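1. Take a look and give me a structure for this.
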Amino acid sequence: MKICYFIQTHQNPQQIYRLVRTIKKSSPNSQIPINHNFNRCDLDLTPLQELSNIHLLTNQEYLIRADFSCQVQPYLNAIDWLFANNSDFDWLINLTGQDYPTQRLSKTEEFLAKTDSDGFIRYWDVLAEGIPWDKQKGFKRYYCRYWRIPGRWSYNFLKEFQQLSAVQKLTPLQFYLSYGPLVGIPRRSTLFSDRFICYGGCGILFLESALNTSNILRTVARILWITIKKQ
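-> As a prediction, the model looks like this:
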């Protein structure tokens, strides 16, 4: 069985090299396409040239963290690239440059070889109790509308501005600086309800390499993104 480990990265080249070497040591026949955000730092794959089946994919558009162009589109592009190049793999595993295996990859691959499932993803109701996130994080992420503030010093300004007591007590403003200089307000209405729950999750996705499954994933992702942007 062959695994494709698709890694999305944006910082710490040495950490990326370490992850790639660890994967190839444990899974020599694996394929590793990498999508790197060069807006954040450079990445030279020369230190990995002794390893086989390592590919640096080019981005088709400017990457903005937390935007579809950065979080989802590169994954869809990777799927297109794999099939366009007739890549031979049984499972596609999506990772970030901050991930690292906590058990032998052979154990994970053995499990995937035996499972009857088509994919695995960890997720949770963002407003439920006992989840990895606090409720405020889910609310700020998915129940608010944000605008990206331009300017070289906008991030530093907002970092200080959000701490002002008057801003916190007298305005509905929400700040999400983890993904840049974003200022928002709670949405008046959302898509979410008891019948359409808002789920969050981690960035690791396991997907079997069935072409129909990949086409469905691409279509659903694009429809959801268009629908959410219209709200």
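2. tell me the SS of the spatially closest residue to Lys135 that is not a sequence neighbour?
-> Of all residues not flanking Lys135 in the chain, Leu127 sits nearest, at 5.7 Å (CB to CB, 6 or more residues apart in numbering). Where C-beta positions appear, they are placed from N, C-alpha and C, glycine not excepted. Following DSSP: H, G, I helix; E, B strand; the rest coil, we place Leu127 in the coil state.
3. these two touch, right, Leu127 and Phe139?
-> Yes. In this structure, Leu127 is within contact of Phe139 by CB atoms under 8 Å, at 7.3 Å.
4. returning to that earlier point: now do the residue nearest to Lys135, the pLDDT please.
-> Taken from the predicted model, the pLDDT recorded for Leu127 is 90.
5. swap in Lys159?
-> pLDDT, Lys159: 93.
6. doesn't it fall inside a helix?
-> Yes. Membership of Lys159 in a helix is supported by three-state DSSP.
7. What is the burial count for it?
-> Burial measure for Lys159: 12 neighbouring residues, criterion other CB atoms under 10 Å.
8. Spatially nearest residue to it (excluding sequence neighbours)?
-> Nearest residue to Lys159 in three dimensions, chain neighbours excluded: Leu177, at 6.1 Å (CB to CB, 6+ apart).
9. Would you map the strands across the protein?
-> Under the criterion DSSP state E, the chain carries strands at the ranges 3-9, 32-36, 54-57, 91-96, 119-125, 144-148, 174-175, 182-186, 199-208.
10. could you redo the ones you listed as CSV and give each row distance to Ser106 and mean neighbour count?
-> As requested, those are arranged in CSV below (distance: least, CB to CB, whole Å; neighbours: other CB atoms under 10 Å):
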stretch, distance to Ser106, mean neighbour count
strand 3-9, 10, 23
strand 32-36, 16, 22
strand 54-57, 20, 16
strand 91-96, 13, 20
strand 119-125, 17, 13
strand 144-148, 43, 15
strand 174-175, 44, 20
strand 182-186, 42, 16
strand 199-208, 15, 16
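11. could these be laid out in a markdown table, adding distance to Ile131?
-> Converted to a markdown table, the strands of the chain look like this (distance: least, CB to CB, whole Å):
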| stretch | distance to Ile131 |
| --- | --- |
| strand 3-9 | 23 |
| strand 32-36 | 28 |
| strand 54-57 | 32 |
| strand 91-96 | 20 |
| strand 119-125 | 4 |
| strand 144-148 | 18 |
| strand 174-175 | 20 |
| strand 182-186 | 20 |
| strand 199-208 | 8 |
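12. worst average pLDDT in those?
-> Minimum mean pLDDT among the strands of the chain: strand 199-208, a mean of 72.
13. List phi and psi for the nearest residue to Asp125 once chain neighbours are set aside.
-> Setting aside the residues directly before and after it, Asp125 is nearest to Ile197 in space (CB to CB, 6+ apart), at 5.4 Å. Phi and psi for Ile197, reported as degrees, to the nearest 10, are phi -80, psi 140.
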